[in-house]
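Trainee: heads up, no residue letters with this:
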C-alpha cells in the first residue's frame with residue numbers, strides 16, 4: 001500500500017505542475033489521463049511480470 005500511496009502523491013504533484021504550467025481544464029484532463037495510464041501500467045506490469053514486484057522492492 002505504501003508504494004501505491006507514493007505513486008498517488010507523485011501523480012498529484014504532476015497534476016499540480018501541469019495545472020501551473022498550462023492552466024485550465026486542459027491541464028486537469030491531461031493530469032487525469034496520466035494518472036489512469038500510470039495505474040494501468042502498474043497493475044498490468046505486476047500481473048504480467050512478477051519481476052515488477054522485485055524491481056519495486058529494489059527501487060526502494
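Mentor: Sure thing, it's come through. Bear in mind the structure is a predicted one, so any value in this text is a computation, not a measurement.
Trainee: Roughly how far does the residue minimising distance to the centre of the chain sit from residue 47?
Mentor: Closest to where the C-alpha atoms of the chain average out (Cα atoms, centre = their mean) is residue 38, at 4.0 Å. Distance, residue 38 to residue 47, by Cβ to Cβ, to the nearest Å: 15 Å. Yep, even glycine has a C-beta here, placed from its N, CA and C like the rest.
Trainee: try residue 19
Mentor: Distance from residue 19 to residue 47, by Cβ to Cβ: 32 Å.
Trainee: who has more neighbours, these two?
Mentor: residue 19 (16 against 9; other Cβ atoms under 10 Å).
Trainee: And that one, what's its pLDDT?
Mentor: Confidence at residue 19, expressed as pLDDT, is 70.
Trainee: and it, helix, strand or coil?
Mentor: helix (DSSP: H, G, I helix; E, B strand; the rest coil).
Trainee: wouldn't it be in contact with residue 29 here?
Mentor: No - with contacts defined as Cβ atoms under 8 Å, residue 19 does not count as touching residue 29, sitting 10.5 Å away.
Trainee: Now the longest helix seen in the chain: average pLDDT?
Mentor: Taking DSSP state H as the criterion, the chain has its longest helix at helix 24-48. Throughout helix 24-48, pLDDT has a mean value of 80.
Trainee: by contact count, what packs against that helix?
Mentor: Packing contacts for helix 24-48, counted by 3 or more Cβ pairs under 8 Å, 6 or more residues apart in numbering; DSSP states H and E, involve helix 2-22, helix 51-59.
Trainee: pretty sure the residue nearest to the centre of the chain is touching residue 8, no?
Mentor: No - at 9.3 Å, residue 38 and residue 8 do not qualify as touching, with contact defined as Cβ under 8 Å.
Trainee: Give me the number of neighbouring residues for residue 26.
Mentor: Residues contacting residue 26 under the criterion other Cβ under 10 Å number 11.
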